[in-house]
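Asker: Test case, fold it:
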Amino acid sequence: MTESTTSANSSLATEPIIEGTLSETSPATDESPKVPHSKPGNIGLLLIGLGVFCCIIGFVLMLNSNFGSFQFNASLYGLTGMGGSSIMGGLFLLLG
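Answerer: Numbering: from 1, shown residues only. Model (predicted):
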């Protein structure tokens, strides 16, 4: 072997091996903000609860009103529809 290849091999053997994981050497992972994952779940459960409440109130008002009156239409289409939409939005946020 020539002198240059032996010196290259000896310099590789004497270099220290860098130990550590990627998270220790990468500053980008240490600076990432901690985002809580429970916030959309809490809002989703709140929307589902609000939707169930609107559906129940709409159903009770619909049973106690005359067919064809404004109260009947508002409770059937307004409150029950709003409750169903709120439930679907809450499920979307909860399940992702």
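
Asker: Pass me the low-pLDDT residue ranges in this protein, would you?
Answerer: Low-confidence segments of the chain (pLDDT under 70): 1-38.

Asker: now do 80
Answerer: Applying pLDDT under 80 to the chain flags residues 1-41.

Asker: Give the other helices and strands that whichever helix in it runs longest contacts.
Answerer: Ordering each helix of the chain by length in residues (DSSP state H) puts helix 38-63 first. Of the remaining helices and strands, those touching helix 38-63 by 3 or more CB pairs under 8 Å, 6 or more residues apart in numbering; DSSP states H and E are helix 80-95. C-betas here are computed from N, CA, C, even on glycine.

Asker: May I have the helix it packs on as PDB, with CA atoms only?
Answerer: Extracted in PDB, the C-alpha atoms of helix 80-95 (Å, rounded to 0.1, in the frame of the first residue of the first chain):
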ATOM      1  CA  THR A  80     -84.000  19.800  15.600                       C
ATOM      2  CA  GLY A  81     -82.100  20.700  12.400                       C
ATOM      3  CA  MET A  82     -79.700  22.900  14.400                       C
ATOM      4  CA  GLY A  83     -79.200  20.100  17.000                       C
ATOM      5  CA  GLY A  84     -78.500  17.500  14.200                       C
ATOM      6  CA  SER A  85     -76.000  19.800  12.600                       C
ATOM      7  CA  SER A  86     -74.300  20.500  16.000                       C
ATOM      8  CA  ILE A  87     -74.100  16.800  16.700                       C
ATOM      9  CA  MET A  88     -72.500  16.100  13.300                       C
ATOM     10  CA  GLY A  89     -70.000  19.000  13.800                       C
ATOM     11  CA  GLY A  90     -69.100  17.700  17.200                       C
ATOM     12  CA  LEU A  91     -68.500  14.200  15.900                       C
ATOM     13  CA  PHE A  92     -66.300  15.600  13.100                       C
ATOM     14  CA  LEU A  93     -64.200  17.400  15.700                       C
ATOM     15  CA  LEU A  94     -64.100  14.500  18.100                       C
ATOM     16  CA  LEU A  95     -63.200  11.800  15.500                       C
END
